[in-house]
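Engineer: got a structure for you, letters missing:
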């Protein structure tokens with residue numbers, strides 16, 4: 001018995017050492033390993049502090065239908081708000097955690113969460129958000145790979161670990177946008193590595209979780225495909241995974257709505273328009289077309305890193321233009337954060353604007369949605385107390401009309417977005433001049 005225990009202990013030590021080597025030692029540069037470990041721990045502790053205590057209805061909704069998929073084998077066709085891979089992914093993690101969630105379920109008649117009144121509520125909230133840590137830290141480690149300067153690498157890591165929008169969207173709001181955002185970031189990484197086929201497959205998989213990566217498909221084809229045939233092949237690599245994963249659900253009314261409206265995005269991008277006679281001209285579409293035309297005439301690249309840099313700037317500009325012309329939800333800002341972090345790291349003078357942009361987003365959603373995205377999130381701790389607290393809009397109204405205050409900060413956000421777009425175009429042209437030289 002003793003020898004067996006010793007052997008088992010040795011195996012455990014070997015296994016832990018192996019895990020340490022393939023994770024920490026390979027991810028972090030040796031000279032700064034302790035610094036990166038410190039910021040990893042700080043970022044992790046901040047996230048862990050919020051995971052068990054915050055609950056929003058969006059977390060309930062996505063997990064409700066994932067639960068039905070896991071336990072009853074179907075998703076109500078009329079209630080499918082996202083592409084099917086989103087529900088399968090959440091259901092997969094529910095299946096993994098099933099032994100730790102014994103009474104996790106929903107009332108058949110109303111669909112209300114039975115676990116909402118469970119004594120294990122904090123544990124369930126922690127487990128439901130735990131998958132986000134994988135994709136969140138996955139992006140952080142990708143940023144280290146995509147920055148080749150020691151000082152800039154540490155700056156990028158710090159910005160990500162301390163990014164309040166990422167922390168809020170994932171661990172308070174409980175939205176899963178970090179999952180497709182990780183696939184978009186990983187797609188960029190494989191452009192950096194010169195593996196374009198893998199990059200486009202990942203972009204298609206990202207769109208199978210949420211539709212927004214499709215905004216980046218045409219720019220990717222313009223910048224990465226050298227010939228019409230190569231562009232067509234890359235298109236197939238992106239579209240085929242999406243079609244295969246969604247085809248069984250084309251007959252579902254809910255998914256048909258997602259498919260034809262882009263998950264509701266088209267309703268937003270077409271809200272801002274100008275009238276010309278009896279016709280409407282959509283502002284977002286005009287800007288998107290200009291971006292594509294600009295990319296078409298500046299698409300020449302000589303290396304995978306140049307292609308990566310141009311696609312990074314293209315995705316950054318598209319997201320900024322989207323936010324500037326669309327009434328957006330706060331979790332949608334997660335999409336831009338990998339690109340924006342890398343851009344700011346390369347242009348340190350923009351760090352102040354980076355934080356101002358984040359502040360404007362927080363003012364925007366706290367005043368627009370009030371208690372739903374602030375005090376009410378902590379109702380699992382004490383529902384009566386946190387629902388009784390005065391909302392941020394009421395506090396601001398004591399000093400200034402809250403709607404005007406909101407509009408001012410939204411306007412500042414748009415102004416900063418335009419300036420960042422200008423800086424991105426400028427950087428794009430500088431990259432082109434370097435290539436020509």
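Structural biologist: Sure, I can see it. What you see is a predicted model, and the numbers here were worked out from it, not measured in a lab.
Engineer: When you work out contacts or count neighbours from here on, use the C-alpha atoms and nothing else.
Structural biologist: Will do.
Engineer: Report all helices and strands that the helix or strand where residue 140 lies contacts.
Structural biologist: Using DSSP states H and E, residue 140 falls within helix 121-146. On a contact count with 3 or more CA pairs under 8 Å, 6 or more residues apart in numbering; DSSP states H and E, helix 121-146 meets helix 84-96, helix 150-161, helix 164-171, helix 178-192, helix 337-346.
Engineer: Report the angle between that helix and helix 150-161.
Structural biologist: 160 degrees (axes from the mean of the first three to the mean of the last three CA atoms, to 10 degrees).
Engineer: and helix 121-146, what's its mean pLDDT?
Structural biologist: Averaging pLDDT along helix 121-146 yields 94.
Engineer: Repeat that for stretch 33-46.
Structural biologist: Averaged over stretch 33-46, pLDDT sits at 90.
Engineer: Any buried residues in it, and which?
Structural biologist: 36, 39, 40, 43 (16 or more other CA atoms under 10 Å).
Engineer: Stretch 333-353 too?
Structural biologist: For stretch 333-353, by 16+ other CA under 10 Å, it's 333-346, 350-351, 353.
Engineer: go on, stretch 221-229?
Structural biologist: 221, 222, 223, 224, 225.
Engineer: Dump those into TSV; add pLDDT and distance to residue 426 as well.
Structural biologist: Converted to TSV, these look like this (pLDDT from 0 to 100; distance: CA to CA, whole Å):
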residue	pLDDT	distance to residue 426
221	96	22
222	95	19
223	94	17
224	94	20
225	91	23
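Engineer: what's the closest of the residues you listed to residue 381?
Structural biologist: Closest approach to residue 381 among those (CA to CA): residue 221, at 48.7 Å.
Engineer: Residue 235 is in contact with the closest one, correct?
Structural biologist: Yes. Applying CA atoms under 8 Å as the test, residue 221 and residue 235 come out as touching, 7.0 Å apart.
Engineer: Low-confidence bits of the protein, can you list those?
Structural biologist: 1-31, 76-79, 107-112, 254, 257-267, 431-437 (pLDDT under 70).
Engineer: helices and strands around the longest helix seen in it, which ones?
Structural biologist: Ranked by residue count under DSSP state H, the longest helix found in the chain is helix 402-436. Counting contacts by 3+ CA pairs under 8 Å, 6+ apart, helix 402-436 is packed against helix 304-325, helix 351-369, helix 392-397.
Engineer: Tell me which of these is the most buried.
Structural biologist: helix 304-325 (a mean of 22; mean count of other CA atoms under 10 Å).
Engineer: any residues touching it, and which ones?
Structural biologist: 188-189, 191-194, 215-216, 219-220, 223-224, 269, 272, 283-284, 287-288, 291, 295, 301, 333, 335-336, 339-340, 343, 413-414, 417-418, 420-421, 424-425, 428, 431 (CA atoms under 8 Å, 6 or more residues apart in numbering).
Engineer: Same check on stretch 114-127?
Structural biologist: Stretch 114-127 is contacted by residues 51-55, 97, 101, 103-107, 380 when judged by CA under 8 Å, 6+ apart.
Engineer: now the helices for the stretch 1-150 of the chain?
Structural biologist: Shown for the stretch 1-150 of the chain, the helices assigned by DSSP state H, counting those that start in this stretch span residues 2-20, 26-27, 33-50, 57-72, 84-96, 121-146, 150-161.
Engineer: can those go into JSON lines with extra columns for distance to residue 404?
Structural biologist: Output for the helices of the stretch 1-150 of the chain, formatted as JSON lines (distance: least, CA to CA, whole Å):
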{"stretch": "helix 2-20", "distance to residue 404": "52"}
{"stretch": "helix 26-27", "distance to residue 404": "46"}
{"stretch": "helix 33-50", "distance to residue 404": "31"}
{"stretch": "helix 57-72", "distance to residue 404": "28"}
{"stretch": "helix 84-96", "distance to residue 404": "37"}
{"stretch": "helix 121-146", "distance to residue 404": "34"}
{"stretch": "helix 150-161", "distance to residue 404": "30"}
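Engineer: Name the nearest residue to residue 166, ignoring sequence neighbours.
Structural biologist: residue 334 (6.3 Å; CA to CA, 6 or more residues apart in numbering).
Engineer: ok, now residue 84?
Structural biologist: The shortest distance from residue 84 to any non-neighbouring residue, by CA to CA, 6+ apart, is to residue 246 (6.4 Å).
Engineer: Stretch 44-53: how far from the chain's middle?
Structural biologist: 18 Å (CA atoms, centre = their mean, to the nearest Å).
Engineer: List the buried residues of that stretch.
Structural biologist: Result for stretch 44-53 [16+ other CA under 10 Å]: buried residues 47, 48, 50, 51, 52, 53.
Engineer: how much space between the fourth one and residue 372?
Structural biologist: As judged by CA to CA, to the nearest Å, residue 51 and residue 372 stand 17 Å apart.
Engineer: Check residue 56 too.
Structural biologist: For residue 56 relative to residue 372 (CA to CA), the value is 8 Å.
Engineer: again, but for residue 94
Structural biologist: Residue 94 is 25 Å from residue 372, by CA to CA.
Engineer: And those two? Which one has more around it.
Structural biologist: Counted by other CA atoms under 10 Å, residue 94 and residue 372 do not tie: residue 94 has more neighbours, with 21 against 18.
Engineer: Now do the contacts for the more buried one.
Structural biologist: Residues in contact with residue 94 (CA under 8 Å, 6+ apart) are 66, 67, 70, 128.
Engineer: okay, now the second one: neighbour count?
Structural biologist: The local packing count at residue 67 equals 24, with neighbours defined by other CA under 10 Å.
Engineer: The closest residue to it other than its chain neighbours - how many residues pack around it?
Structural biologist: Closest residue to residue 67 apart from its sequence neighbours, by CA to CA, 6+ apart: residue 91 at 6.3 Å. Applying other CA under 10 Å, we find 22 residues neighbouring residue 91.
Engineer: Hmm, residue 91 is touching residue 70, no?
Structural biologist: Yes. With contacts counted by CA under 8 Å, residue 91 reaches residue 70, the gap being 5.8 Å.
Engineer: Not including adjacent chain positions, what is the nearest residue to residue 223?
Structural biologist: Leaving aside its sequence neighbours, residue 223 sits nearest to residue 299 (CA to CA, 6+ apart; 5.1 Å).
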